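# okay, predicted coordinates and the sequence, questions at the end:
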Amino acid sequence: AQSVTQLDSQVPVFEEAPVELRCNYSSSVSVYLFWYVQYPNQGLQLLLKYLSGSTLVKGINGFEAEFNKSQTSFHLRKPSVHISDTAEYFCAVSDGFQKLVFGTGTRLLVSP
Amino acid sequence: NAGVTQTPKFRILKIGQSMTLQCAQDMNHNYMYWYRQDPGMGLKLIYYSVGAGITDKGEVPNGYNVSRSTTEDFPLRLELAAPSQTSVYFCASSYVAGGLSEQFFGPGTRLTVL
């Protein structure tokens, strides 16, 4: 069975500082990895995805993530955050059959 | 395009009542999904559908029913509401034609069972 662990439930950071949100997964088959963002009172929006190829994936809003197979990780990074990046971020894994398994989420709190 | 729409936005139910959460998409997607999101938890799949007339259980289907009579609509039915069903419910859809595809989410329905 697949699973996703997001160790940090909340990450506070100052505006214009860099941030890393951690995601580790477990899977016995090929994996496909996703990061979704949920702004307050909204549905989820896809930030980026790793299906194959380059292990460094660039997404929307200046976010990027690196797939590390040996460490079973898919950490999300942004070099300089804005107040508007305050949201909940979910890592998810799929075995390729359309069903997603989500982590518990990390709340990013950006303050001035 | 409206994308994925859900009604109602909020609802309070008494224990034992029933209700239907509505979901519609106008993107001609073949796959549709229902998730629930409990506080401090990730989303868990309740049911999904690969096309009109075809549905299947997800991770947490107990207490729910679904139907898919058209491509556009995928309602979720709660027959006997229980406090454990207090949650935020998200509907999603995707277009699958071989390979993995992005799921598009609706804004959610916040349900409280008292």
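Sure thing, it's come through.
# pretty sure residue B:106 is in contact with residue B:91, am I right?
Yes: counting by Cβ atoms under 8 Å, residue B:106 touches residue B:91, with 4.5 Å between them. Every residue, glycine included, has its C-beta placed from N, CA and C.
# ok, residue A:93 - contacts?
Residues near residue A:93 by Cβ atoms under 8 Å, 6 or more residues apart in numbering or on different chains: A:2, A:3, A:4, A:25, A:27, A:31, A:32, A:33, A:34, A:100, A:101.
# out of those, who's near chain B?
Contacts with chain B within the contacts of residue A:93, counted by Cβ under 8 Å from any Cβ of the partner chain: A:4, A:32, A:100, A:101.
# alongside chain B, which residues does chain A contribute?
By Cβ under 8 Å from any Cβ, the residues of chain A that approach chain B are A:4, A:9, A:32, A:41-46, A:49, A:51, A:90, A:92, A:94, A:96, A:98-105.
# switch to 7 Å and redo it
Neighbours of chain B within chain A, by Cβ under 7 Å from any Cβ of the partner chain: A:32, A:42-44, A:46, A:51, A:90, A:94, A:96, A:98-100, A:102-105.
# in strands only, show me those.
Here DSSP state E is the test, and these give A:32, A:44, A:46, A:90, A:94, A:100, A:102 as lying in strands.
# list buried residues within the residues of chain A next to chain B.
Those of these that meet the buried threshold are A:32, A:43-44, A:46, A:90, A:94, A:98-100, A:102-105, by 16 or more other Cβ atoms under 10 Å in any protein chain shown.
# tell me which of the residues you listed has the lowest pLDDT.
Lowest pLDDT within those is found at residue A:98 (76).
# and that residue, what does it touch?
The neighbourhood of residue A:98, defined by Cβ atoms under 7 Å, 6 or more residues apart in numbering or on different chains, consists of B:31, B:94, B:96, B:100.
# following element in sequence after the helix or strand of chain B with the lowest mean pLDDT, please.
Lowest by mean pLDDT, DSSP states H and E among the helices and strands of chain B is strand B:104-105, with a mean of 92. Once the chain leaves strand B:104-105, the next helix or strand it forms, by DSSP states H and E, is strand B:109-113.
# what's that next one packed up against?
Strand B:109-113 sits against strand B:10-13, strand B:87-94, with contacts defined as 3 or more Cβ pairs under 7 Å, 6 or more residues apart in numbering or on different chains; DSSP states H and E.
# just give me how far the first one sits from the chain centre.
If I follow you right, that is strand B:10-13. Distance of strand B:10-13 from its chain centroid, counting by Cα atoms, centre = their mean, to the nearest Å, is 15 Å.
# give the contact list for residue B:33.
Residue B:33 touches B:45, B:48, B:91, B:92, B:103, counting by Cβ under 7 Å, 6+ apart.
# list just the nearest of those residues to residue B:8.
Checking the contacts of residue B:33 against residue B:8 with Cβ to Cβ, the nearest one is residue B:91 at 12.5 Å.
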